[in-house]
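J.: Sequence first, then the predicted structure:
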Amino acid sequence: MVCPNCGLNIADDNKFCPQCGTPLYRTFDSYNADKVNMFFMSHNDKLPESQITLIKEKLMYLDEKKWNTAYSVQYKDPIVALLLSFFLGEFGIDRFYIGQTGLGVVKLLTCGGFGIWAIIDLFLIMEATRVENANKLLNAIA
Ligand SMILES: [Zn+2]
């Protein structure tokens with residue numbers, strides 16, 4: 001490994017840099033890995049399985065300011081979206097909730113796609129919520 005302070009190349013089992021004395025028990029990568037894991041512990045259910053690897057890679061290289069941004073994004077709850085879809089789906093309220101205003105309007109005007117779309121959305125809305133959350137996060141930290 002390389003000393004984060006002076007750049008000296010050091011054997012991996014060293015606890016301190018022999019040149020400058022910087023403690024090496026926590027490298028940059030493992031420090032960020034902890035933060036990424038912490039983030040996923042609280043946001044796992046709000047993000048799509050298919051994009052978790054991509055999101056983890058992006059989070060690995062965030063600076064402090066962008067970390068605050070990542071936490072301040074208004075993530076929508078897939079369970080709330082499902083409840084809205086179940087009770088108010090024919091008015092498109094579920095799609096409005098996750099920020100898809102255009103789809104919400106179309107759904108509202110067609111009474112939930114004449115009821116068919118409203119039923120289909122019961123199966124799609126949770127993943128749609130997670131994908132919207134991921135897009136919001138990736139845009140915020142880009
Ligand atoms: Zn050093």
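T.: Happy to help now that I have it. Every value quoted in this text rests on a predicted model; they were computed, and no experiment measured them. Numbering: from 1, shown residues only.

J.: Just confirm residue 125 is within a helix.
T.: Yes: Residue 125 forms part of a helix when assessed by DSSP: H, G, I helix; E, B strand; the rest coil.

J.: Which residues of this structure lie near the ion?
T.: Within the chain, the positions lying close to the ion (Cβ under 5 Å from the ion) are 3, 5-6, 8, 17, 19-20, 22. Placement of C-beta: from N, CA and C, glycine included.

J.: Using CSV, please lay out the residues you listed together with neighbour count.
T.: Compiled in CSV, the residues of the chain next to the ion are given as follows (neighbours: other Cβ atoms under 10 Å):
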residue, neighbour count
3, 19
5, 13
6, 12
8, 14
17, 19
19, 12
20, 12
22, 13
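
J.: Pipe these into CSV and attach distance to residue 109 per row.
T.: Shown next, in CSV, are the residues of the chain next to the ion (distance: Cβ to Cβ, whole Å):
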residue, distance to residue 109
3, 63
5, 62
6, 65
8, 67
17, 66
19, 70
20, 67
22, 63
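
J.: Return the subset of these lying in strands.
T.: The members of the residues of the chain next to the ion all map outside strands under DSSP state E.

J.: So which of the residues you listed sit within helices?
T.: Using DSSP state H, no member of those falls within helices.

J.: Relative to residue 35, how far out is residue 48?
T.: In this view, residue 48 and residue 35 are 20 Å apart by Cβ to Cβ, to the nearest Å.

J.: what helices or strands is the lowest-mean-pLDDT helix or strand in the chain leaning on?
T.: None of the helices or strands of the chain scores lower by mean pLDDT, DSSP states H and E than helix 28-43, at a mean of 84. Contact here means 3 or more Cβ pairs under 8 Å, 6 or more residues apart in numbering; DSSP states H and E; on that basis helix 28-43 packs against helix 52-60, helix 64-72.

J.: Tabulate those helices (TSV), appending mean neighbour count and mean pLDDT.
T.: Converted to TSV, these look like this (neighbours: other Cβ atoms under 10 Å; pLDDT from 0 to 100):
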stretch	mean neighbour count	mean pLDDT
helix 52-60	15	90
helix 64-72	13	91
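
J.: can you put these in TSV and add distance to residue 93?
T.: Formatted as TSV, the helices and strands packed on helix 28-43 follow (distance: least, Cβ to Cβ, whole Å):
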stretch	distance to residue 93
helix 52-60	27
helix 64-72	25
